[in-house]
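In: attaching a predicted model along with its sequence, questions to come.
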Amino acid sequence: MAKFNSAVKTGVQSPIKTTGKVIQNASGKDAFARDAKSELFLLAVSNFVGQDTFYESAKNRDDRFSALVRKVAVSDVNWTSKFINWLRNDAQMRSASVVAAAEAAKALLDAGVLNGSPRALVASSMARADEPGEFLAYWTSKYGKNLPQAVKKGVADAANRLYNEYSLLKYDTDSKGFRFADVLQLTHAKAKDAKQNALFSYALNRRYGSDVLESSHGNYANLPMIMARQAVNRIVAPVRKNMLTDAAALSLIKDAGMTWEALSGWLQGPMDKIAWEAAIPNMGYMALLRNLRNFQDAGVSAKVIKNVLNKLSDEEQVAKSRQFPFRFLSAYNATKGNLQIAAAMESALEASLSNVPSLKGRTLILVDRSGSMFPYGYGDSANIKSLGLSFADAAAIFGSAVALRAENATLVQFGTSSHEVSFRKGDSVLPMLSKFRDLGGTSTRQALQQHFRGHDRVIVITDEQYNGWGGDPTEVIPANVPVYTWNLNGYKAAQNESGKLKRHTFGGLTDKAWQMIPLLEASVTGVWPWDLVN
């Protein structure tokens, strides 16, 4: 964890800046406009494309995002390229990075910027093998079937990097509008070696002919996983279940690259204890995390569960998985009552919050628990709600983690009213969350006035849609005390001016940007996350 001296230096600014222009927030109160890069960044790191939020419909949110990307791309292509690469590969925002790349590429091409940037920018926005098809689906739905050369080459570069036997078997399904073969044909992607050439030939053949891999379809010896899958599929249904207890048969299933979803369909029956125990050794981190409740319900053995939990709580595995911290809360909520799972989820959550610093001195932490932070109203369809969670839950996770790690912290939940949240050193984050409530409005100024008692710094985790008296609620905090606003929703209006001395704003649903606090207090100015040295 990052540690630093409590003496706060002057002359330091964060990269998120306001312009000085007064605008209206979602509640019709005076607030502040951000510059285009700052507004884009905060929106992107919280934007589940196509999803409503409390104050903003999906259409308005997506239109604002697209317009900001196009504006920033033309004004600063280098910043935009770094931003999109970081957005996909560090912030783990899948749909937002695809949309950002498409809109940026379109804006650059329309503006005549043809120096190779659009191609690289498009390619860097994709990190999973279904995303080239997602990109083309977005582009063609908005800009038609005429693909500029730079776009073709960027998507082809991504396909070349991401397409392999396993990804084809997992993602190349009839449910997709753009299959692997469609991507290859539209972009004229060239295979990087003989193995991928055989894969491309097979993808085209199964799209337009038969998916049976015959010798006439290329060098099928280069595709052992696909050959194994076809061998497994030829096994008659009545005997498949009995194979799950046979070591040789399980080895064949593993060689066939079968996900648990594929195994479930292949069995043509429910995933019971035997089926799950056969699938678990080949399951990835996210699949294990999402299915903990299913393992419980199926009665998976204690030994197998222990191995699963050891993997899920391993620090290296957590870091590699790049899960949003709130996913561990979702798993915890789904399996409440199981102390073994609860302990593992707490360990995993701790590992996922490794960038949350240990703050010296006295820290006041305000967690927004107003109605707009919860998934109702527009938020009924929000992606985060699909996990049974809310932005209020994410705020509580971060606020609790900061409080537990700080030297001396006052943790407050606020809405129309505000209340201190009691805790002791050594408490666990997940059980602490039961102390948080829905508190109605967003009276930030009143909460700051009530609870500030000469603290060394203030952290406010919020959607910034202050609905009290309007204006800057942080005015009640002395100018020499730094205030860090953590924005979780990416709305247009800022609650206070940021980018000036002692007033800083961050955002996102991961712990990455918490690294900025120690940097700012160590007098490092204006650093974007992709420029941080880890």
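Out: Here it is on my side, so go on.
In: what's the nearest residue to residue 300 if we skip its chain neighbours?
Out: Take residue 300 and drop its neighbours on the chain: the residue closest to it by CB to CB, 6 or more residues apart in numbering is residue 276, 5.2 Å away. Every residue, glycine included, has its C-beta placed from N, CA and C.
In: who's in contact with the one you found?
Out: With contact taken as CB atoms under 8 Å, 6 or more residues apart in numbering, residue 276 is in contact with 260, 291, 294, 295, 298, 300, 304.
In: that one - that's part of a helix, no?
Out: Yes: secondary structure assignment places residue 276 in a helix (DSSP: H, G, I helix; E, B strand; the rest coil).
In: I'd like the distance between it and residue 244.
Out: In this structure, residue 276 lies at 10 Å from residue 244, with CB to CB, to the nearest Å as the measure.
In: ditto for residue 321
Out: 26 Å.
In: then residue 360?
Out: In this structure, residue 360 and residue 244 are separated by 55 Å, where distance is defined by CB to CB.
In: got it, and residue 443?
Out: As for residue 443, its distance to residue 244 is 58 Å (criterion: CB to CB).
In: which one's more surrounded, these two?
Out: When residue 443 and residue 244 are compared for neighbours, residue 443 comes out ahead with 22 against 18, by other CB atoms under 10 Å.
In: test my guess that that one contacts residue 417.
Out: Yes: contact status for residue 443 versus residue 417: in contact at 7.5 Å, counting by CB atoms under 8 Å.
In: okay, now the unreliable bits of the chain?
Out: Residues of the chain that meet the criterion pLDDT under 70 lie in 1-13, 50, 114-116, 211-219, 375-389, 467-470, 500-501, 523-526, 533-534.
In: and the strands in it?
Out: 18-24, 30-34, 362-368, 408-414, 418-420, 457-462, 483-487, 503-507 (DSSP state E).
In: packing partners for the fifth one?
Out: Meaning strand 418-420. Secondary-structure packing of strand 418-420 (3 or more CB pairs under 8 Å, 6 or more residues apart in numbering; DSSP states H and E): strand 408-414, helix 444-451.
In: who does it pair up with?
Out: Paired strands of strand 418-420, with direction, are strand 408-414 (antiparallel) (DSSP bridges).
In: CA atoms of the partner strand as CSV?
Out: Extracted as CSV, the C-alpha positions of strand 408-414 are listed here (Å, rounded to 0.1, in the frame of the first residue of the first chain):
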residue,chain,number,x,y,z
ASN,A,408,-7.3,8.2,11.9
ALA,A,409,-10.5,8.3,9.9
THR,A,410,-14.1,9.6,10.4
LEU,A,411,-16.4,7.7,8.1
VAL,A,412,-19.8,9.3,7.4
GLN,A,413,-22.8,8.3,5.3
PHE,A,414,-24.8,11.2,4.0
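In: quick one: buried residues of it?
Out: When neighbours are counted by 16 or more other CB atoms under 10 Å, the buried residues of strand 408-414 are found to be 409, 410, 411, 412, 413, 414.
In: what do you get for stretch 127-135?
Out: Neighbour counts using 16+ other CB under 10 Å place 127, 129, 130, 131, 132, 133, 134, 135 of stretch 127-135 among the buried residues.
In: okay, among the residues you listed, which ones form the most distant pair?
Out: Distance extremes for those: the farthest pair is 127 and 133 at 13.7 Å, using CB to CB.
In: so what's the residue count around the closest residue to residue 433 other than its chain neighbours?
Out: The spatial neighbour of residue 433 that comes closest, neighbours along the chain excluded (CB to CB, 6+ apart), is residue 396 at 5.1 Å. Using other CB under 10 Å as the criterion, residue 396 is surrounded by 28 other residues.
In: mind listing what residue 396 touches?
Out: So, once contact is read as CB under 8 Å, 6+ apart, residue 396 ends up touching 367, 369, 413, 432, 433, 436.
In: kindly report the same for residue 192.
Out: Shown here is residue 192, whose contacts under the criterion CB under 8 Å, 6+ apart are residue 160.
In: ok, residue 254 touching residue 282?
Out: Yes: taking CB under 8 Å as the contact criterion, residue 254 and residue 282 are neighbours in contact, 5.5 Å apart.
In: re earlier: export the strands of the chain to TSV and tack on distance to residue 171?
Out: Converted to TSV, those look like this (distance: least, CB to CB, whole Å):
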stretch	distance to residue 171
strand 18-24	42
strand 30-34	37
strand 362-368	38
strand 408-414	42
strand 418-420	47
strand 457-462	36
strand 483-487	33
strand 503-507	30
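In: and of the ones you listed, who's closest to residue 100?
Out: The minimum distance between residue 100 and these falls on strand 503-507, with 15.2 Å, by CB to CB.
In: ok, residues contacting the closest one?
Out: Outside of strand 503-507, the residues within contact range by CB under 8 Å, 6+ apart are 13-14, 16, 38, 41-42, 45-46, 474, 482-488, 490, 494, 496-499, 513-514, 516, 520.
In: tell me, how many residues neighbour residue 345?
Out: Other residues near residue 345 come to 28 when the count uses other CB under 10 Å.
In: who's in contact with it?
Out: Going by CB under 8 Å, 6+ apart, residue 345 touches 312, 313, 328, 329, 331, 332, 335, 430.
In: against residue 313, how distant is the nearest residue to the third one once chain neighbours are set aside?
Out: What sits nearest to residue 328 in space, not counting adjacent residues and going by CB to CB, 6+ apart, is residue 349, at 4.2 Å. As judged by CB to CB, residue 349 and residue 313 stand 9 Å apart.
In: now swap in residue 485 and tell me
Out: 32 Å.
In: next one: residue 15 relative to residue 77, how far apart?
Out: Distance from residue 15 to residue 77, counting by CB to CB: 18 Å.
In: was I right to think residue 138 contacts residue 97?
Out: No: Residue 138 is not in contact with residue 97 according to CB under 8 Å; the separation is 11.2 Å.
In: and those two? Which one has more around it.
Out: Residue environment comparison for residue 138 versus residue 97 gives the larger neighbour count to residue 97, 26 against 17, counting by other CB under 10 Å.
In: tell me the contacts of the more buried one?
Out: Listed by CB under 8 Å, 6+ apart, the contact partners of residue 97 are 84, 87, 88, 125, 126.
In: distance check, it against residue 283.
Out: For residue 97, the distance to residue 283 - CB to CB - is 25 Å.
In: could you do residue 427 as well?
Out: Spatial separation of residue 427 from residue 283 under the definition CB to CB is 32 Å.
In: ok, these two, which is more surrounded?
Out: residue 283 (18 against 13).
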